[in-house]
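Student: here are the coordinates; sequence isn't available:
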């Protein structure tokens, strides 16, 4: 078998049909996936923690409650479901209780996988994160790269992958783990909103000498990849990286955000080593690695096995993201 190949585990992949259930459909990724699946002609059932406004692309919504101990409605909703996309979880942010991370990213993922297998779902797509490889790994990350998480969030995502692998081992449910690099789009979190606020307040920033390369993916491209994995009539690799084939340097990223804001901006070439020292002195070393370090991903299997290549240029994705932000 090739890297991450599921062909020996999924002999009936060509028979995939029926509704798709999306957990976490009200979140940043889940909402985009639901809309993309609906546009692709899928009948989409969305599992929400609590009822709310209708979601574009959803045919039906159910109140699943806390996915770590889900309401019985979730099991009932999975009758006849062909594919489950588990996009629920706690996102990467500081100050989150490790117990909350474990419940949301490990226990909930395993519980939803248990129900999916019991109900005979053919494919379980787990939305994980390329953060399992660390903030600034050496070399280029591929699906064959060993995980090396360096914070509690990344560790919880890897533990979630492993928990779901254990649950689905030996069942008739094919597992597909999607590991997206940092996702760009309206509503994204992390460094991007902070940078937009900085750009809005100043015409001068000291980041012109950062010489890194970081991989990202536009939210629309990530959703399209997940649709391709859900609809594939052939076995899908167990691990699929999600990234635009071309990385972007942080100074170019900042310029794209400024363009979206229609702001004139000068990036002063302050040595990155000086800025790194200042960040570490302020106990911001990990955040600095995420901002100024390199993370280069080469998503081999998305192209080779799903025929998918991200289409939205990163500069355009960052500019569009900045235009939508309320300052």
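Tutor: Structure's in. What do you need? All values derive from a computational prediction rather than experimental measurement.
Student: just give me the neighbour total for residue 126.
Tutor: By the other C-beta atoms under 10 Å criterion, the neighbourhood of residue 126 contains 26 residues. Any C-beta I mention is one placed from the backbone N, CA and C, and that applies to glycine too.
Student: repeat for residue 169
Tutor: Here the neighbour count serves as a burial measure; for residue 169 (other C-beta under 10 Å) it reads 11.
Student: contacts only, for residue 136.
Tutor: Contact criterion C-beta atoms under 8 Å, 6 or more residues apart in numbering gives 289, 290, 293, 294, 295 as the residues in contact with residue 136.
Student: looking at the protein, which strand is longest?
Tutor: Longest strand in the chain by number of residues (criterion: DSSP state E): strand 174-180.
Student: give the other helices and strands that that one contacts.
Tutor: Counting by 3 or more C-beta pairs under 8 Å, 6 or more residues apart in numbering; DSSP states H and E, the packing neighbours recorded for strand 174-180 are strand 123-127, helix 152-168, helix 219-231, strand 239-242.
Student: could you name the helices and strands sitting against the third one?
Tutor: When contacts are defined as 3+ C-beta pairs under 8 Å, 6+ apart, helix 219-231 sits against helix 28-39, strand 83-86, strand 123-127, strand 174-180, strand 182-184, strand 239-242, helix 300-306.
Student: what's in contact with the longest one?
Tutor: Think helix 28-39. Applying C-beta under 8 Å, 6+ apart, the set of residues contacting helix 28-39 from outside is 20, 22-25, 44, 46, 55-59, 85, 87-88, 91, 127, 180, 183, 185, 187-189, 219-220, 222-224, 226-227, 230.
Student: circling back: now do the longest strand of the chain: distance to the chain's middle.
Tutor: 10 Å (C-alpha atoms, centre = their mean, to the nearest Å).
Student: all helices of the stretch 1-150 of the chain, in order?
Tutor: Assigned by DSSP state H, counting those that start in this stretch, the helices in the stretch 1-150 of the chain fall at 28-39, 72-77, 98-102, 108-118.
Student: swap in the stretch 201-327 of the chain?
Tutor: For the stretch 201-327 of the chain, the helices identified by DSSP H, counting those that start in this stretch occupy 219-231, 250-261, 272-281, 285-292, 300-306, 314-324, in order along the chain.
Student: in terms of mean pLDDT, which of those helices ranks lowest?
Tutor: Ranked on mean pLDDT, the bottom entry among the helices of the stretch 201-327 of the chain is helix 285-292, at a mean of 90.
Student: pretty sure residue 255 contacts residue 266?
Tutor: No - between residue 255 and residue 266 there is no contact under C-beta atoms under 8 Å: 10.3 Å.
Student: so which of the two has more stuff around it?
Tutor: Per other C-beta under 10 Å, whichever of residue 255 and residue 266 has more neighbours is residue 255, with 19 against 10.
Student: what residues are up against that one?
Tutor: Per C-beta under 8 Å, 6+ apart, neighbours of residue 255: 265, 267, 315.
Student: among these, which one lies nearest to residue 123?
Tutor: Within the contacts of residue 255, the smallest distance to residue 123 is 33.9 Å, found for residue 315 (C-beta to C-beta).
Student: now the closest one: closest residue in space that isn't a chain neighbour?
Tutor: Sequence neighbours aside, residue 256 is the residue nearest to residue 315 in space, at 4.3 Å (criterion: C-beta to C-beta, 6 or more residues apart in numbering).
Student: which residues touch that neighbour?
Tutor: Neighbouring residues of residue 256 by C-beta under 8 Å, 6+ apart: 248, 314, 315, 316, 318, 319, 322.
Student: list buried residues within these.
Tutor: For the contacts of residue 256, a neighbour count by 16 or more other C-beta atoms under 10 Å gives the buried set as 248, 314, 315, 318, 319, 322.
Student: would CSV of these with distance to residue 103 be doable?
Tutor: Written out in CSV, the entries for the buried ones among the contacts of residue 256 read as follows (distance: C-beta to C-beta, whole Å):
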residue, distance to residue 103
248, 34
314, 33
315, 38
318, 33
319, 37
322, 34
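Student: which stretches of this structure aren't confidently modelled?
Tutor: 1-16, 51-53, 92-95, 326-327 (pLDDT under 70).
Student: and the residue nearest the centre of it, how far is that from residue 129?
Tutor: The structure's the chain has its C-alpha centroid closest to residue 180; by C-alpha atoms, centre = their mean the separation is 4.1 Å. Distance of residue 180 to residue 129, given as C-beta to C-beta, to the nearest Å: 6 Å.
Student: and if you look at residue 18?
Tutor: Plainly put, residue 18 is 28 Å away from residue 129 if you go by C-beta to C-beta.
Student: neighbour count: those two, which is higher?
Tutor: residue 129 (26 against 16).
Student: now that one. Nearest residue, chain neighbours left out?
Tutor: Using C-beta to C-beta, 6+ apart and skipping the chain neighbours, the partner closest in space to residue 129 is residue 157 (4.7 Å).
Student: pull the contacting residues for that neighbour.
Tutor: 89, 105, 128, 129, 131, 132, 149.
Student: contact partners of stretch 280-296?
Tutor: Outside of stretch 280-296, the residues that reach it under the criterion C-beta under 8 Å, 6+ apart are 130, 133, 135-137, 139-141, 150-151, 181-182, 190-191, 207, 210, 212-215, 247, 250, 272, 275-276, 279.
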